[in-house]
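**Student:** can you look at this prediction? I've put the sequence above it.
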Amino acid sequence: MNLKFIFKRVIIMILSVLFLSSISAQEKTEPVDYVSILTGTLSKFELSTGNTYPAIARPWGMNFWVPQTGTMGDGWTYIYTADKIRGFKQTHQPSPWMNDYGQFSIMPIVGKPVFNQDKRTSWFSHKSEIAKPYYYKVYLADSDITTEITPTDRAAMFRFTFPEKDNSYVVIDAFDRGSYIKIIPEQNKIIGYTTRNSGGVPENFKNYFVIVFDKQFTYQATVGDDEIRKNELEAKDNHTGAIIGFSTKKGEIIHARVASSFISIEQAELNLKELGNDSFDEIATKGRNIWNETLGRIEVKDDNIDNLRTFYSCFYRSVLFPRSFYEIDAKGEIVHYSPYNGEVLPGYMFTDTGFWDTFRCLFPFLNLVYPSMNEKMQAGLVNAYKESGFLPEWASPGHRNIMVGNNSASVVADAYLKGLKGYDIEVLWEALKHGANNVHPKVPASGRRGYEYYNKLGYIPDDIRIGQSAARTLEYAYNDWTIYQLGKKLNKPESEIGIYKQRALNYKNLYNPKFKLMTGRNENGDFDKNFTAEDWSGAFCEGNSWHWSFCVFHDPQGLIDLMGGKKEFNTMMDSVFIVPGNKGMESRGMIHEMREMQVMNMGQYAHGNQPIQHMVYLYNYSGEPWKTQYWVREIMDKLYNPNPDGYCGDEDNGQTSAWYVFSALGFYPVCPGTDEYILGSPLFKTVTLNLENGNKVSIKADNTSKANKYISSMTVNGKTHTKNYLTHDILMKGANINYKMASYPNKTRGIKDIDSPYSFSNEK
């Protein structure tokens, strides 16, 4: 064999290795590749499997984009079973129940200029749809057009691939209820604003937009209330829009650069600079990198790809809301249009979250994994209080009158108690005290509705025309505890904070020993004489007594004592899964939360709604932690998947997703305001938390599998760990956590009183 031949073979082998390495690198699966943004979109009014839409966005972005299958004003903007697209909409919708604000849409068509939303539709198929957080592509069959979108925080680029047509168009719909549009042909530009909203905005609210194309228009028309006005360049009506056109060759690509602002057209132009001089593919690559960096805070290795897909799809949903509602002005300074007073003011603002949902684990998740982001959100809450006199309980974009509780107290307290800094906590302290003893004059969901009765009697009576009285009382008691804990951290005097310590025990005033459950109670002290535990609504909010009786996050031991001890408490907990789920279905008109509980077939356990989501973790307080391990896995395995029907109820702005993310890691923050994460059952073989402070948490679960769901033993930093919780401090310092999993419970581990997590009744 001659040297030339040998050399040639070696070169071929080297090139082959390099080629295969290149292919391998290209095929390497990264966190964002596991994400399905279609999870939860197979929903409808009667039954939610998430009530989500595919949000094409950057993490916490100001603007999201969504392919619009629903009609204008329909909260169900994208339904998986739909087969036609009406447009590609900029959206700020937090849920179908809250609906949208500041929306407008863009839709390419061919043939003749049409504006009507039903006439411009096109058939599409999921088989010709690529849906990623940073990139969306779909083939519009009726017009033979491919549309692609890639976003930044406040802007986006569209890439349209047209067929050979003399009459190719793009329709811009500024929506109804007051809009304006102007075509500027010499700049290939369209500007305008939309005012369409579903409430929670000042009178001067507008979303200003600018759209710039890279091809000269050969056709232009504005639209006013469905009348197409060819060659008219400006329109201001109830419902306006624009149609611009071109002659296109087969496969010709036209780009549209889009941005918007809640401040002005000029600010929208500034926001357009987010796109820079990047090409479409460069913007998409940057978006992909940002998503991988964001999701890469938690690295998971496992053989079960469905679990990985579910985990990262839930993770994606956990970093969308609350959305950024601030912009960067010409001086490079952070400013925002206030959704509370309509002024343009300095500083951060965030919105589109309901604390009734997200105080439970979404905000604790941010405090653990993205504390610097929540520091900005807390600064935004400072501004919200200054601009409106109250902290929001449900913001979209301003105060909205929905849900119960005063859970802004939890969101503020947990952040500061977890070590977040860099914002005016003294202003927030005043905000918490004010909200606990007042109610918003126009939006009674902010502050505390019924606070006068609560402060006087220790509960809100069931007979004073304030609905959901028991639910409000239970949440106010927990909220008072968080205020007390924050006050202690701030070294406030007992004369100032003692009242909140006292009121933190008000949950006891609703405990009815006859039923061993919480019930409504009249002003004269009588308990509800018509009480049935399975009946929905009445004294409770979107649930019944089985769901709400365990909402004593801060004092499970106190609740255990009320119920007669651990044995009786565990019996009541077990009963939740034993009482048939169809009981109580006749107690009121059917709402989707009732149907979702019923069809999941887990008794009275209603994971599709928030009040009960922490309940299974309470076995850690009552000496039977293996039941937590069992039920957490049952819930993860049965009620979550990465498919369009991936949830068992409303996803709710990251809360139901963050529950899965936390639970898959093996722990959950039952009581925000404490420093504890309560143990469950780790799902994955290995997990690495890359904390913002540079430390790492390594979690390993030997032998974990669908069958091996029980913790046989565990160590933390090499030492045996029998406690049923981990502390925030342990995690933040970096930790090595090792579990040994088994198919049968270890009923000797975690059963001592010293192994139980925090309860207020045990506080010295």
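**Tutor:** That came through, no problem.

**Student:** what's opposite the nearest residue to Phe115 once chain neighbours are set aside in the beta bridge?
**Tutor:** Of all residues not flanking Phe115 in the chain, Val223 sits nearest, at 4.8 Å (CB to CB, 6 or more residues apart in numbering). Yep, even glycine has a C-beta here, placed from its N, CA and C like the rest. On the basis of DSSP bridges, Val223 is bridged to Ile228, Gly241.

**Student:** doesn't Glu234 make contact with Val223?
**Tutor:** No: counting by CB atoms under 8 Å, Glu234 is not a contact partner of Val223; they are 11.4 Å apart.

**Student:** joint contacts of these two?
**Tutor:** Residues touching both Val223 and Glu234 (CB atoms under 8 Å, 6 or more residues apart in numbering): Ile181.

**Student:** looking at these two, which one has more neighbours?
**Tutor:** Neighbour tally, Val223 and Glu234, criterion other CB atoms under 10 Å: the higher count belongs to Val223, 25 against 16.

**Student:** now do the same contact list for that one.
**Tutor:** Phe115, Ile181, Arg229, Ala235, His239, Thr240, Gly241, Ala242, Ile243.

**Student:** likewise for Ala221?
**Tutor:** Pro113, Ile228, Arg229, Lys230, Asn231, Glu232, Ala242, Ile243, Ile244.

**Student:** gap between it and Glu274?
**Tutor:** For Ala221, the distance to Glu274 (CB to CB, to the nearest Å) stands at 29 Å.

**Student:** kindly report the same for Glu343.
**Tutor:** 24 Å.

**Student:** repeat that for Met403.
**Tutor:** Taking CB to CB, one finds Met403 at 34 Å from Glu274.

**Student:** immediately after the helix or strand of the chain with the lowest mean pLDDT, which helix or strand?
**Tutor:** Here the helix or strand of the chain ranked lowest by mean pLDDT, DSSP states H and E is helix 3-27, holding a mean of 44. Downstream of helix 3-27, the first helix or strand assigned by DSSP states H and E is strand 64-68.

**Student:** the helix or strand that comes right after that following strand pairs with which strands?
**Tutor:** The first helix or strand that comes after strand 64-68 along the chain, using DSSP H and E, is strand 84-85. According to DSSP bridges, strand 84-85 forms sheet pairs with strand 122-123 (antiparallel).

**Student:** gap between the partner strand and the chain center?
**Tutor:** 30 Å (CA atoms, centre = their mean, to the nearest Å).

**Student:** adjacent strands (with direction) for the helix or strand following it?
**Tutor:** Using DSSP H and E, the helix or strand that directly follows strand 122-123 along the chain is strand 129-132. Here strand 129-132 has these sheet partners by DSSP bridges: strand 135-140 (antiparallel).

**Student:** what average pLDDT does the strand it pairs with get?
**Tutor:** For strand 135-140, the mean pLDDT works out to 98.

**Student:** measure how it sits relative to strand 64-68, angle-wise.
**Tutor:** 20 degrees (axes from the mean of the first three to the mean of the last three CA atoms, to 10 degrees).

**Student:** pull the residues that contact strand 135-140.
**Tutor:** Contacts for strand 135-140 (CB under 8 Å, 6+ apart): 54, 56, 65, 67, 85, 108, 122-125, 128-130, 145-150, 284, 287-288.

**Student:** got a winner among the contacts of Ala221 for most neighbours?
**Tutor:** Neighbour max across the contacts of Ala221 (other CB under 10 Å) = Ala242, 28 neighbours.

**Student:** that one against Tyr180, yeah?
**Tutor:** No: with contact defined as CB under 8 Å, Ala242 does not count as touching Tyr180 (10.6 Å).

**Student:** hey, what's in contact with both of these two?
**Tutor:** With CB under 8 Å, 6+ apart, Ala242 and Tyr180 have common neighbours Ala174, Gly192, Ala235.

**Student:** in helices, which of those fall?
**Tutor:** Using DSSP state H, no member of these falls in helices.

**Student:** pick the one among those closest to Gly347.
**Tutor:** Using CB to CB, Gly192 comes nearest to Gly347 of the shared contacts of Ala242 and Tyr180, at 27.6 Å.

**Student:** partners of the closest one in the sheet?
**Tutor:** Counting by DSSP bridges, the residues bridging with Gly192 are Ile181, Phe209.

**Student:** and it, what's its pLDDT?
**Tutor:** 98.

**Student:** same deal with Phe64?
**Tutor:** 98.

**Student:** do the one 3 residues further on as well
**Tutor:** Note on Pro67: pLDDT of 98.

**Student:** ok, it - how many residues close by?
**Tutor:** 25.

**Student:** how about it: what's its closest non-neighbour residue?
**Tutor:** In space, Pro67 is closest to Ile85, 5.2 Å off (CB to CB, 6+ apart).

**Student:** and the one you found, how close does it get to Gly70?
**Tutor:** Taking CB to CB, one finds Ile85 at 10 Å from Gly70.

**Student:** more crowded one of these two?
**Tutor:** Ranked by neighbour count (other CB under 10 Å), Ile85 and Gly70 place Ile85 first, with 24 against 18.

**Student:** give the contact list for the more buried one.
**Tutor:** Pro67, Gln68, Thr69, Met107, Thr121, Ser122, Phe124, Val138, Leu140.

**Student:** how about Tyr617?
**Tutor:** Contacts of Tyr617 by CB under 8 Å, 6+ apart are Thr628, Val632, Tyr668, Val670, Ile678, Gly680.

**Student:** out of those, which is nearest to Ile211?
**Tutor:** Tyr668 (44.5 Å).

**Student:** what's opposite that closest one in the beta bridge?
**Tutor:** Bridge pairing for Tyr668 - DSSP bridges - gives Ile678.

**Student:** which outside residues touch stretch 425-438?
**Tutor:** 378, 381-382, 385-386, 389-391, 406, 408-409, 412-413, 416, 446-448, 451, 455, 476, 479-480, 483, 486-487, 490, 492, 500.

**Student:** do stretch 95-102 as well
**Tutor:** Contacts of stretch 95-102 (CB under 8 Å, 6+ apart): 43, 45, 51, 73, 75-77, 90-93, 194, 196-198, 200-201, 205-207, 260, 262, 352, 394, 396-397, 400, 402, 650, 652-653.

**Student:** which of the residues you listed are buried?
**Tutor:** Among the contacts of stretch 95-102, the ones that count as buried by 16 or more other CB atoms under 10 Å are 43, 51, 75-77, 90-93, 194, 196-198, 200-201, 205-207, 260, 262, 352, 394, 396-397, 400, 402, 650, 652-653.

**Student:** in strands, which of those fall?
**Tutor:** If you go by DSSP state E, the buried ones among the contacts of stretch 95-102 have Gln90, Thr91, Thr194, Asn207, Ser260, Trp394 in strands.

**Student:** low-confidence ranges in the chain?
**Tutor:** 1-27, 764 (pLDDT under 70).

**Student:** repeat that for 50
**Tutor:** In the predicted model of the chain, residues 1, 3, 5-6, 8, 10-26 satisfy pLDDT under 50.

**Student:** wait, what's in contact with the nearest residue to Arg58 once chain neighbours are set aside?
**Tutor:** Leaving aside its chain neighbours, Arg58 sits nearest to Asp153 (5.1 Å; criterion: CB to CB, 6+ apart). Residues in contact with Asp153 (CB under 8 Å, 6+ apart) are Arg58, Trp60, Gly61, Met62, Asn63, Glu274, Ser324.
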